[in-house]
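Engineer: attaching a predicted model along with its sequence, questions to come.
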Number of protein chains: 2
Amino acid sequence: MQDFSFYNPTRIEFGAGKIATIGQLVPAKVKVMVLFGGESALRNGTIDEVTTALGDREVQLFGGIEPNPSFETLMEAVQMVREQNIEYLLAVGGGSVIDGTKFVAAAALYEGDAWDILLQGGQNITRALPFGSVLTLPATGSEMNKGSVITRKSLAAKLPFMSEHVYPVFSILDPVKTYTLPTRQIANGVVDAFMHVIEQYLTYPANAPVQDRFAEGLLQTLIEIGPNALAEPEDYQTRASLMWTATLALNGLIGAGVPQDWATHMLGHELTALHGLDHAQTLAIILPEMLRQRKATKLGKLVQYAERVWHIRDGSDDEKAEAAIEHTRNFFESVGVKTRLSDYELGAEHIDAIINSLEAHGMVALGEHGDVTPEHCRQILLASL
Amino acid sequence: MQDFSFYNPTRIEFGAGKIATIGQLVPAKVKVMVLFGGESALRNGTIDEVTTALGDREVQLFGGIEPNPSFETLMEAVQMVREQNIEYLLAVGGGSVIDGTKFVAAAALYEGDAWDILLQGGQNITRALPFGSVLTLPATGSEMNKGSVITRKSLAAKLPFMSEHVYPVFSILDPVKTYTLPTRQIANGVVDAFMHVIEQYLTYPANAPVQDRFAEGLLQTLIEIGPNALAEPEDYQTRASLMWTATLALNGLIGAGVPQDWATHMLGHELTALHGLDHAQTLAIILPEMLRQRKATKLGKLVQYAERVWHIRDGSDDEKAEAAIEHTRNFFESVGVKTRLSDYELGAEHIDAIINSLEAHGMVALGEHGDVTPEHCRQILLASL
């Protein structure tokens, strides 16, 4: 096990109807901004539920936060927060709304150009407005972590930041809120959560048996519940497990004390920035060929993954690894997320621009060993056509 | 999955030499009391390391906190805290010292009779002094939870309390600090941690696949590392896994959203109170026959436990359950913790007094269904002779 620091003060309120507890969780008499994405949060009544739970607190709504939340939109919220002396934020939505709210929370109190927060990865954040979240889409884990990814449309840049100051004070996880989500978003959520675990698990053996078992437990759970999460939208128990699994996949716990990869994510971000693919789609495309490309350095963990997660017992180590990679691809396809660039009408002619973008963003030494180069990424994309 | 609230703000600093980080974790210029148990903490240099890390802060030592920490001793610390205007506490030791420090932290700021804290189970705590811990003995999980058990010798009473105000602000987990522990304490720690998981896992199926997988992962890890933790005291990686496993066994995570048992603990407390057995010894005696006694209501989980933790594939459900119970007993014996009352020179003639004591403490409806009676406990003890 590697040395680590672990800290996660977010309070989770899990269960049907837990939105009603917001009244106790938010301080009395504060001026609250409720941030959300599309009109669906208004139409399906969730915003009403939230404002009712907030009682007589003064509430300002801010809608329109996009998937891949944009700096441009969020700066409008920042301005409104400042002008109206908002004291508390409440994100109602999925990872994009929560990521965006983290940025607003930090930027509202940041003196200087708020884009610097992204340029410095959050290290310059010394304080932030307190905020809670009501999660409606299980996927990113943003409801219980300190990370955020923001896109600046004018620069075609998608950058992450992290800070302990942007842990949500609380997050409400009500599985019922997921019932009305489109199938595609649930499928993306399954793949997102799966990939978050993979990035922290599928590296090299590091004498961390608990972290390995926890990661394998999350992966096995996603494999078990994924199909039913799609087929039976109102199966409370399945949606509950999906929600809690997605949160635990990226709340810092399984990554504490182990090496981490994240190369697939970094390459995937470029695909989203340039071609607008869903985040999960990019991961589903890249991962299989990323694993094949890096089979030699990942072999120990690939075999463990094959045996423990996919119950593959027969064959050589290489055969087990290959079988695990194919099982992974098939799992993504089985929940309806396509795994080839061509499925998204992208071809070899698009690869140069993706690689140039990767280099421009300094992503030239990726992965747990820092040995994944742009040339490797080119080969991975070629193999993913 | 059942509804749940989860909140755990304790910061963990894990690794060799992490005591040096205390200087950054404790606020500057506060007056600190360092609480510890026996002389060993002084002799082995840990207290010196801690005071060095505290730099020029004013430090008051308070030693002599017993195993099963006593109200009487702790009230001396409370008095000293008040007289000297101590602002921050630092526990250096195992679960007893940390439990005791939690009580001092709450009692020092409590107006009224501090024993009321125990009588009300901590519900009357509204604030507490901040404190950190340096863990030297992996076992109880107190370093990352909000619980504490205090004994009042004059009343022969051992009572628990819980409060969010007594989460440690931080805990230092340095596996090297466990190298010099007596074998018996490590063995007890393995059994303690194992039992903490069992009490939160081996109940009835509750649609909580993640909690189950996490619990099974902790149990499997303890089974894998237990023998080596005893045989190779200076194997850093083994001790590191033991330490992190014991913390995760009772930090609230695996118990969130699932039914819990704790009957074995309640009966075990009477054995400790009356006959002075180590806590872990009492659990190792009681669990196997507790499981046999309750096989019918626990059968679903017993079979899952047999299959996933002990890899028992053959036989009927009853045979799998029986085999798992015997594997459990053998595991406790294999780490040197005996599993029969007669191993501790206790016989049938002692049982009446134990059952009377259990009834006197109101422990008449134990377990996840509240259906374990004193008569069941009598049968369990008779079967454990």
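Structural biologist: Structure's in. What do you need?
Engineer: A:Ala256: how many residues sit nearby?
Structural biologist: When neighbours are counted by other C-beta atoms under 10 Å in any protein chain shown, A:Ala256 registers 22. The way it works is simple: take the backbone N, C-alpha and C, and place the C-beta from them, glycine included.
Engineer: residue contacts, A:Glu326?
Structural biologist: Listed by C-beta atoms under 8 Å, 6 or more residues apart in numbering or on different chains, the contact partners of A:Glu326 are A:Pro288.
Engineer: check which helix or strand it maps to.
Structural biologist: Using DSSP states H and E, A:Glu326 sits in helix A:317-334.
Engineer: what is the three-state secondary structure of whichever residue of the stretch 251-385 of chain A sits closest to chain B?
Structural biologist: Closest to chain B within the stretch 251-385 of chain A is A:Gly257: 6.5 Å, counting by C-beta to the nearest C-beta. What DSSP: H, G, I helix; E, B strand; the rest coil gives for A:Gly257 is coil.
Engineer: can I assume it is in contact with A:Pro209?
Structural biologist: No: applying C-beta atoms under 8 Å, one finds A:Gly257 not in contact with A:Pro209, separated by 10.8 Å.
Engineer: follow-up on the earlier one: pLDDT averaged over the helix holding A:Glu326 - what is it?
Structural biologist: Helix A:317-334 shows an average pLDDT of 98 in the prediction.
Engineer: also stretch A:64-72?
Structural biologist: Averaging pLDDT along stretch A:64-72 yields 94.
Engineer: who's in contact with that stretch?
Structural biologist: Outside stretch A:64-72, the residues within contact range by C-beta under 8 Å, 6+ apart are A:35-38, A:73-74, A:77, A:93, A:96-97, A:99-101, A:103, A:114-115, A:118, A:149-154, A:158, A:272, A:278-279.
Engineer: torsion angles phi and psi at A:Leu222?
Structural biologist: When read as degrees, to the nearest 10, the backbone of A:Leu222 gives phi -60, psi -40.
Engineer: rewinding a little: next secondary structure after the helix holding A:Glu326?
Structural biologist: Following helix A:317-334 in sequence order, the next helix or strand is helix A:351-360 (DSSP H and E).
Engineer: give me every residue that touches the nearest residue to A:Glu58 once chain neighbours are set aside.
Structural biologist: Using C-beta to C-beta, 6 or more residues apart in numbering or on different chains and skipping the chain neighbours, the partner closest in space to A:Glu58 is A:Lys31 (4.7 Å). A:Lys31 sits next to A:57-58, A:60, A:84-88 when contact means C-beta under 8 Å, 6+ apart.
Engineer: list the buried residues of the helix holding A:Glu326.
Structural biologist: For helix A:317-334, burial by neighbour count (16 or more other C-beta atoms under 10 Å in any protein chain shown) applies to A:320-325, A:327-329, A:331-332.
Engineer: same thing with stretch A:265-285?
Structural biologist: Residues of stretch A:265-285 classed as buried by neighbour count (16+ other C-beta under 10 Å): A:265-275, A:277-285.
Engineer: with stretch A:364-373 instead?
Structural biologist: In terms of neighbour count (16+ other C-beta under 10 Å), stretch A:364-373 has its buried residues at A:366-368, A:372-373.
Engineer: ditto for stretch A:81-101
Structural biologist: Those would be A:81, A:86-101, for stretch A:81-101 by 16+ other C-beta under 10 Å.
Engineer: dump that stretch to CSV, restricted to CA.
Structural biologist: Extracted C-alpha coordinates of stretch A:81-101, given in CSV (Å, rounded to 0.1, in the frame of the first residue of the first chain):
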residue,chain,number,x,y,z
VAL,A,81,-24.2,35.2,-6.7
ARG,A,82,-22.1,38.3,-6.1
GLU,A,83,-24.8,40.8,-7.0
GLN,A,84,-27.4,39.2,-4.8
ASN,A,85,-25.1,38.2,-1.9
ILE,A,86,-26.0,34.5,-2.2
GLU,A,87,-24.7,32.6,0.8
TYR,A,88,-25.4,29.0,0.0
LEU,A,89,-25.7,27.0,-3.2
LEU,A,90,-27.7,23.9,-3.9
ALA,A,91,-27.0,21.8,-7.0
VAL,A,92,-30.0,19.8,-8.4
GLY,A,93,-28.9,17.5,-11.1
GLY,A,94,-26.2,15.1,-12.2
GLY,A,95,-22.4,15.5,-12.4
SER,A,96,-22.4,18.4,-14.7
VAL,A,97,-24.6,20.6,-12.5
ILE,A,98,-22.6,19.6,-9.4
ASP,A,99,-19.3,20.1,-11.1
GLY,A,100,-20.6,23.5,-12.2
THR,A,101,-21.8,24.4,-8.8
